[in-house]
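Student: compute the structure for the input listed below.
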Amino acid sequence: MTRVKICGITNMQDAMAAVEAGADALGFVFAESPRRVDALAVSAIVEELPDSVLTVGVFAGQSVDQVIGIMERTDLNFMQVHGTIDLALADSPWGIMRAVRVKSADDIEAAKSDPLVALADAVVLDSHVEGVMGGSGRTFDWDLAVNARALGKPIVLAGGLTPDNVVSAIRRVSPYAVDVSSGVEISPGKKDHEKIREFIRNVRECE
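Tutor: Numbering: from 1, shown residues only. Model (predicted):
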């Protein structure tokens, strides 16, 4: 079964809509982004979620102390790590999802020597858009995602997924999970609940 992560959650209403639609995981962005949230708001949301839903904090550029502080305050399950970060995080008690921005085969090749990829529980493949960490709404060459199986990690496919293209993406890549943010939004940080339902419905029907 392909898992579904709805990322860029900023409020309780969107979180509950995603859960009711059947999302397996929710992502909360703590890095610089129009979808950025604070730990207090996330804590309140997480308290209301069923235990079956995994929760992920998205980080880029924060110090180890900042990341650990947020993870402790929010009771999230996983940290999704973008960019350069201290490997001391590998000793933390939380799961790690390593984000890899993909533009060419060279990015997959470089990931093979990334020590955090080796330590990660899963690898998130996202589009490489200059100056944008994620949520760009742009796809990348999915054949590169197929090649990323050589990393030996579960693949979470992100980058420009929508209700209209997610079935094609799953058939091409067969990822462990798909990750959507902008593709189910009305505006950055505000989800379209019908698009969430359509996205998850299409994933399930694809199976």
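Student: please make it C-alpha for all contacts and neighbour counts, starting now.
Tutor: Noted.
Student: all strands of the chain, in order?
Tutor: Assigned by DSSP state E, the chain shows strands spanning 3-6, 25-29, 54-60, 78-82, 95-102, 122-127, 155-157, 177-180, 185-187, 190-191.
Student: can you list the strands that the shortest one pairs with?
Tutor: It stands for strand 190-191. Paired strands of strand 190-191, with direction, are strand 185-187 (antiparallel) (DSSP bridges).
Student: got the contact list for the strand it pairs with?
Tutor: 191-192, 195 (CA atoms under 8 Å, 6 or more residues apart in numbering).
Student: just the CA atoms of the longest helix along the chain, as CSV, please.
Tutor: Ranked by residue count under DSSP state H, the longest helix found in the chain is helix 193-206. Output in CSV follows, covering the C-alpha atoms of helix 193-206 (Å, rounded to 0.1, in the frame of the first residue of the first chain):
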residue,chain,number,x,y,z
HIS,A,193,-10.2,19.7,1.7
GLU,A,194,-11.8,18.4,-1.5
LYS,A,195,-8.4,18.2,-3.2
ILE,A,196,-7.1,16.3,-0.2
ARG,A,197,-9.9,13.8,-0.4
GLU,A,198,-9.5,13.5,-4.2
PHE,A,199,-5.7,13.0,-3.9
ILE,A,200,-6.0,10.2,-1.3
ARG,A,201,-8.9,8.6,-3.1
ASN,A,202,-6.9,8.4,-6.3
VAL,A,203,-4.0,6.9,-4.5
ARG,A,204,-6.2,4.2,-3.0
GLU,A,205,-8.0,3.5,-6.2
CYS,A,206,-4.6,3.1,-8.0
